[in-house]
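In: make a model of this:
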Amino acid sequence: DKGVAGIDSNTTLEDTAVSGNVLDNDRDIDSNLTVAGFSVDINGDGTTESFTAGQTATINGVGTLTLGSDGGYTFAPAGNWSGTVPAVTYTTNTGTSATLNIDVTPVADKPALTINNYQTVASMNFEDVALPSQGYSETIQINTISGTSTVGTWSTWNGSGYVEVGKEGIYQGGSSSNKVMEIEAATGDKTLYADIQVEAGRFYELDFDVAARNGHIASSGMSVSLVKLDASGNPVTGSSVVLYTFSPTDSSWHNVTENWTAEASGTYRLIFTSTDSGNSYGALLDNITFSAVENKGYENSFFSLGDINTALTDTDGSEELAVEISGLPVGAVLKDGAGHELTVGANGKLDVTGWSLTTLQIQVDQPGNYTLTVTSTSSEVVNGSVVDSDSSQANFTITVLDVANFTDANEVVTMAEDGVLSGSVLTGTSSIEGAVTVSSFSIGGSSYTAGQTATVANIGALKVNADGSYVFTPVKDFNGPVPTVNYVVTDGKTTDASTLNISVTAVEDTPVSYSSGNSGAYWLMNYTSNANEFDMKVKNGTMTLAVGESLHWDILVTDSDQNATLTLINKSLPSGATLSYERLYAENGEVMLRVYLTVTGNSAITLSQDNQFTIDVNGASGKALLINSDEYVGVHPNNEYDYSTQFDNGNASQWDDTDWLSSNVRGGELATSSSSQTGQTVSYGNGEDIAYGTIGGDTLSGGADNDFIDGRAGNDTLYGDAGNDVVLGGHGNDTLYGDTGNDYLDGGRGSDALYGGSGNDVLKGGTDSDTLVGGAGNDTLTGGTGIDTFKWALGDAGAVGSAARDSITDFKAGVGGDVLDLKDLLQGENSSNLSNYLHFDKDAAGNAVVQISSSGNVVGGFDQAITLEGVKLSDLGAGDANIINNLLANGNLKVDL
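Out: The predicted structure follows:
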């Protein structure tokens, strides 16, 4: 009896081996069954090949089958194969035969998927440079460097092609062995460059590290630029673009990232250049990378997406591949280099199966960051039906940059002193997106929303409205630059930052004319000699004085001890009128006193003959003479008796000696006898002169001895010359020189320049923005109103141990404040070494003191000290470096940088 052998069947999944036993369903009552052999078509040609039990049959393209004598079998399908295995026929030891049928069920394989975002065009981190034992070399042939850390060919412009590369610790201190390049090696070396290929419309990113060489910050400036090259390799005129400028203030490392879009395809040169003359000390460079950047571009313009690389991992033809991109902005347009183009619908998805996925470009109309998902799906298809599928996913972000739909130009405007300026910062500014408005502005270190009013102390008030209109009202008598106004404009989508710079020009104040517009009124003065008293009143009508207006009279008193004073008695002046006086001059038995009548109330006043006041002279050893008013000069050297004088509109009515130049024992006096006589030049000889200018621009020189000079109205140039002089500018933009001696200089109204010269001088700028130069000696300086500049030169300083000591009584720090101009005093200073020249301390009264070494060795002592009265050290900052930075940033310090 042969026994019975049943048909065997089995199934498995693709790429999965399967085992079984063909004898499990066979029987023979006479024998123990075994497998003697088997046969199978291994070549697919319809012919079966025979194998003995235990052998392995390799079925071409299908898999391997091993069938043992005990009936056990194992079938391992070939990779990615699926289908029906050719029938296997086996024969037992009793001669019985049966078949083994195996089916392999297809399984989809995950497709491969990668996305590339960057492509390095050029790079250099100097680690491929071989250094000698000393740790640096100035003879590195940079165009021969290659290795894993170097992409592209790098070069330099010098005869040898050498650059300097060394260990970081050599240049910055410490022990770092990181390799860096110094942009300046030998004198004249100043460049590093590489030629690169770019594609039009593509984004590129430059990334590098830069630091100033320790101890050489001022010479470590550098710029980075790109220039297009023509077919011959020469720079194309006008094609250079500056990507970055390095202006260091310390020696720390800075990581720099700059983006650039190529307007045209071709060869460009990336150039690192020192900005000084190449003095062999310069910036340090490291980790330079220039890359093509995907997935970034401007709104409403096509830009490239990163290469999407996807493929089936099962390549036997049983699978199909589909690719979808989701997360796309609605309305975006996607296209490829093969002519496909689709617009994104509401679901944010596009099927890009069959597209050229390495040439995709997208156009998006709204700026922002968008995360896209690529889904690549492989599907096993049998007889047109999908039996299995699997997917791979990858995310990437695209950045859509805002295109400036408008730009707003910076504004530069001027206005006259004491006026009101109005205008618009948005004149000529428009946007395709809609109305452009101002959202905010800042001035003097403070920020405001549009529509608010900014008040800057001692300067004025500014209001900038959302529609761009603005109004600036300076404080009375202010002139000079207004702190820069920074403002932000927007069209609701794009913003832009602009500046408004206002400059207020000085205006000469009109001199007081006593009769003009006052019904012919004039002043009458009666002098009583035995009482040394002047009785003052208005005659022949009324006189109106505006708020803030001031009149003055000068009185010369003979007094041996020079201690004469005045008593001012208000008999019937109206409310709002104030009397005061000051001592102007005291030399050789004479005292000059100036009396002021000032309108200090809130409204104008009207004076008439009922409005009187008297001036009593106290403690004088001799008589007093009223010799000058705002418009009148009279000389009365011999009056020892009672007399009267009337004066109006610059004309003296009684005295013939009110001529241009009268001489007496004191020297000379310049007088006005007609308001039409202006602009005189007079040089006085030796002697103690009392000189008054005309209402025009005069040039007056006092000569030797102690002089009193009053320029009065007009833009005057006044010289005290030798002696202890009193020089008054009066109205106008005047220039005053004290020369030798201990002088008193007062600029008065207008933007004046005061030069004390040698000696211990007192300088007062007065109203408006003035320049005060004390000169040699220990001087006292008062700027007055406006933005004043206090200036020193090299010859003004003393010596270490005997420093010159000057004081400023009203220094205003902060934005829009006063200025210390030390650039002609300090020798060899720069932005990195100012702490060698300046040290800040305080005196016993708590006033801030600037200690200055003109040679840059302040730790060894100072040769100039400036006391800022009323300014606390803490108001300026904390420590020398911080104070220096604050003063520079606020415009309060001027030096050579």
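In: adjacent strands (with direction) for the biggest strand by length in the chain?
Out: In the chain, assigned by DSSP state E, the strand with the most residues is strand 385-401. Taking DSSP bridges as the criterion, strand 385-401 sits next to strand 296-298 (parallel), strand 368-382 (antiparallel) in its sheet.
In: need these in a markdown table (columns: distance to residue 772, mean neighbour count and mean pLDDT).
Out: To be clear about C-beta, it is placed using only N, CA and C from the backbone, and glycine gets the same treatment. Below are the strands paired with strand 385-401 laid out as a markdown table (distance: least, Cβ to Cβ, whole Å; neighbours: other Cβ atoms under 10 Å; pLDDT from 0 to 100):
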| stretch | distance to residue 772 | mean neighbour count | mean pLDDT |
| --- | --- | --- | --- |
| strand 296-298 | 54 | 22 | 84 |
| strand 368-382 | 56 | 18 | 92 |
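In: distance to residue 246 for these - can I get that in a markdown table?
Out: Output for these, formatted as a markdown table (distance: least, Cβ to Cβ, whole Å):
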| stretch | distance to residue 246 |
| --- | --- |
| strand 296-298 | 24 |
| strand 368-382 | 29 |
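In: among those strands, which comes closest to residue 679?
Out: strand 296-298 (63.9 Å; Cβ to Cβ).
In: so where do the helices sit in this protein?
Out: 168-172, 873-876, 880-890 (DSSP state H).
In: can you list those helices in TSV and add distance to residue 390 and mean neighbour count?
Out: Rendered in TSV, the data for the helices of the chain read as follows (distance: least, Cβ to Cβ, whole Å; neighbours: other Cβ atoms under 10 Å):
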stretch	distance to residue 390	mean neighbour count
helix 168-172	51	19
helix 873-876	71	16
helix 880-890	62	17
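In: which one of the ones you listed lies closest to residue 475?
Out: Using Cβ to Cβ as the criterion, the shortest distance between residue 475 and the helices of the chain is 19.1 Å, found for helix 880-890.
In: on contacts alone, who are the packing partners of that closest one?
Out: strand 838-842, helix 873-876 (3 or more Cβ pairs under 8 Å, 6 or more residues apart in numbering; DSSP states H and E).
In: at 10 Å instead, please
Out: Using 3 or more Cβ pairs under 10 Å, 6 or more residues apart in numbering; DSSP states H and E as the contact criterion, the neighbours of helix 880-890 among helices and strands are strand 819-824, strand 838-842, strand 847-852, helix 873-876, strand 893-894.
In: strands paired with the first one, and their directions?
Out: Each strand pairing with strand 819-824, determined using DSSP bridges, is listed with its direction: strand 789-793 (parallel), strand 893-894 (parallel).
In: surely residue 608 and residue 523 touch.
Out: No: contact criterion Cβ atoms under 10 Å: residue 608 and residue 523 do not qualify, at 11.8 Å.
In: now the common contact residues for those two.
Out: Between them, residue 608 and residue 523 share these contacting residues under Cβ atoms under 10 Å, 6 or more residues apart in numbering: 537, 538, 539, 540, 543.
In: between the strands paired with strand 385-401, which one is nearest to residue 711?
Out: Each of the strands paired with strand 385-401 was scored for nearness to residue 711 using Cβ to Cβ, and the closest is strand 296-298 (63.1 Å).
In: one step back: just the shared contacts of residue 608 and residue 523 now: which is nearest residue 366?
Out: Distance from residue 366 was checked for each of those by Cβ to Cβ. The minimum falls on residue 543, at 71.7 Å.
In: what's the local residue count around the closest one?
Out: The burial count assigned to residue 543 is 25, neighbours taken as other Cβ atoms under 10 Å.
In: partner residues bridging residue 140?
Out: So, taking DSSP bridges as the rule, residue 140 has residue 163 as bridge partners.
In: could I get the contacting residues of the residue nearest to residue 592 when sequence neighbours are not counted?
Out: With sequence-adjacent residues excluded and distances taken as Cβ to Cβ, 6 or more residues apart in numbering, residue 592 is closest to residue 585, at 3.5 Å. Contact partners of residue 585, counting by Cβ under 10 Å, 6+ apart, are 554, 556, 562, 591-594, 688, 690, 706-710, 724-726, 728, 744.
In: many thanks, have a good one.
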